[in-house]
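1. Structure for the following, please:
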Amino acid sequence: MEQARHLFLLLFLCLLLAPSVAQVHTLQLQPGPDCGKDATIWYLRSPSRRFGNVAEKNIPNTNYLCIAEWTWEFNPGRRWVLLDFLSEVELPNDLEIVSARLSLYSPNEPTPDDFHSSYAVRRKHPIGVVQRVLEPWNEKTVTWNNRPAASRVDQVVLPIPTDVRQDFVNIDVTALVREMIASPGQNNGFLIRMQNEDYYRKLIFASSDYNDPALRPKLEIDYRGKKLDLDIPADCKAFVDCQPQFLPFFDSAGRLSDDTFYPEIPEECDFVQYHFRVYDATGRALFYAQKPGTGWDGTYKGRAQAAGQYSYICSYQIRGEELKTQCGQFDLLAPRP
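-> Okay, here's the model as predicted:
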């Protein structure tokens, strides 16, 4: 009896909190070569015999991005990076953004510019900032001389690197993304540059053309409300929303729905933990599963349960994420024959 009261209380609290939990969805963009939009722009104090007037040149697509305050053949200069994930994605400008995270990854092999500069790592300098781009730009034509304007408002300072191959994961760009979505005309991506014009500092990241898809730049957006049905090319996203999706009803006779009740979850989702339970109105546990795709057939100990309202709790953990709990109620429309 005590256990039943405990389960019922747990279910009540879960249902009480459910609206704030179940309505948060994640959009993750990690574009590849056909869809990615990124570029390095380059400036040198004077034209170079070897490189020419780089400020007028569009740097062809490479598999890495370079942000630097450096000298090339004793010629001082700098490189900045432009990244755009959202200008081609139609998001409602009143979308409630809970959080947004940018992740940049070090290549797994040396580039022509090597990795992050060891000088910056040793001296522990604050090294870079992320800003919001205010004007449109074209990956194939952008140069230093025609670079778009960017805003310092709400700019994000990158952490001090501790290793020459450090990944910069989950950079908080929530404020920048909110501003992009609220002002579609200024939704033109990010500019990443050095915070100070001091030599020698350099950051190297894999680009959207990198051969390992997992190391390409990634933007994750958590938003609240109805799940968006976006027409995004497959090359633009390397993510499947793994939040379980439940129907509000269940027909165990199989006439109006599947003959078992379970959440819809894409096969690609990698669960570390999964616990799915069904309860009746008294808080009695009727069903328990630890394998996604396994559902309740409307019976308890072999006996068909009556039509009516039932409840569920689904606790799950996706690899690399925190444990989450989702709960709700559904109607059993007809008992199993």
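2. any weak-confidence spans in the stretch 101-250 of the chain?
-> Residue ranges of the stretch 101-250 of the chain with pLDDT under 70: 118-126, 231-241.
3. Break down it into its strands, ranges please.
-> Counting by DSSP state E, counting those that start in this stretch, the segments of the stretch 101-250 of the chain that form strands are 128-133, 150-157, 168-172, 190-194, 201-206, 218-224, 249-251.
4. Quick check: closest non-adjacent residue to Arg50.
-> Leaving aside its sequence neighbours, Arg50 sits nearest to Glu73 (CB to CB, 6 or more residues apart in numbering; 6.3 Å). (C-beta placed from N, C-alpha, C; glycine too.)
5. can you count the residues close to that neighbour?
-> 10 (other CB atoms under 10 Å).
6. domains of the protein?
-> 2-23+241-334, 31-236 (automatic domain parsing).
7. Point out the most buried one among the ones you listed.
-> domain 31-236 (a mean of 17; mean count of other CB atoms under 10 Å).
8. what sits against the residue nearest to Glu96 when sequence neighbours are not counted?
-> Distances taken as CB to CB, 6+ apart put Arg224 closest to Glu96, at 4.4 Å, once the chain neighbours are dropped. Taking CB atoms under 8 Å, 6 or more residues apart in numbering, we find Arg224 in contact with Gln23, Val24, His25, Glu96, Val98.
9. Could you list the paired strands of the helix or strand containing His25 along with their orientation?
-> Counting by DSSP states H and E, the element that carries His25 is strand 24-29. Using DSSP bridges, the strands paired with strand 24-29 are strand 218-224 (antiparallel).
10. Any idea how far the partner strand is from the middle of the chain?
-> Chain-centre distance of strand 218-224: 5 Å, with CA atoms, centre = their mean, to the nearest Å.
11. how big is the angle separating it from strand 190-194?
-> In terms of direction (axes from the mean of the first three to the mean of the last three CA atoms, to 10 degrees), strand 218-224 departs from strand 190-194 by 130 degrees.
12. Just the CA trace of strand 218-224, in CSV.
-> Provided in CSV are the C-alpha atoms of strand 218-224 (Å, rounded to 0.1, in the frame of the first residue of the first chain):
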residue,chain,number,x,y,z
LYS,A,218,27.3,22.4,-35.0
LEU,A,219,24.5,24.6,-33.7
GLU,A,220,21.9,23.3,-31.2
ILE,A,221,18.8,25.2,-30.4
ASP,A,222,16.4,24.2,-27.6
TYR,A,223,13.0,25.8,-28.1
ARG,A,224,9.6,25.7,-26.3
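13. can you give me the helices for this protein?
-> 2-22, 118-123, 174-182 (DSSP state H).
14. what residue lies at the spatial centre of the protein?
-> Of all residues in the chain, the one closest to the mean position by CA atoms, centre = their mean is Glu220, 1.9 Å from it.
15. Pretty sure it sits against Leu27.
-> Yes: here Glu220 reaches Leu27: they are 7.3 Å apart, a contact under CB atoms under 8 Å.
16. Please verify my assumption that Ser103 contacts Asn170.
-> Yes: Ser103 is within contact range of Asn170, at 6.1 Å (criterion: CB under 8 Å).
17. shared neighbours of these two, anything?
-> Counting by CB under 8 Å, 6+ apart, the common neighbours of Ser103 and Asn170 are Glu220.
18. how much space between Arg78 and Thr162?
-> Distance of Arg78 to Thr162, given as CB to CB, to the nearest Å: 23 Å.
19. okay, Arg277: pLDDT?
-> With respect to pLDDT, Arg277 has a value of 93.
20. and it, what are its bridge partners?
-> Tyr288, Ile313.
21. can you pull the contacts of it?
-> Arg277 neighbours (CB under 8 Å, 6+ apart): Ala285, Phe287, Tyr288, Tyr312, Ile313, Cys314.
22. Name the nearest of those residues relative to Leu176.
-> Each of those was scored against Leu176 by CB to CB, and Cys314 proved nearest at 33.1 Å.
23. and that closest one, how far is that from Lys291?
-> Relative to Lys291, and taking CB to CB, Cys314 is found at 12 Å.
24. Equivalent analysis for Pro47, please.
-> On the measure of CB to CB, Pro47 and Lys291 end up 65 Å apart.
25. Can you give me the pLDDT of the residue nearest to Gln290 when sequence neighbours are not counted?
-> Computed as CB to CB, 6+ apart, the closest residue to Gln290 that is not its neighbour in sequence is Tyr274, at 5.7 Å. On pLDDT, Tyr274 comes in at 92.
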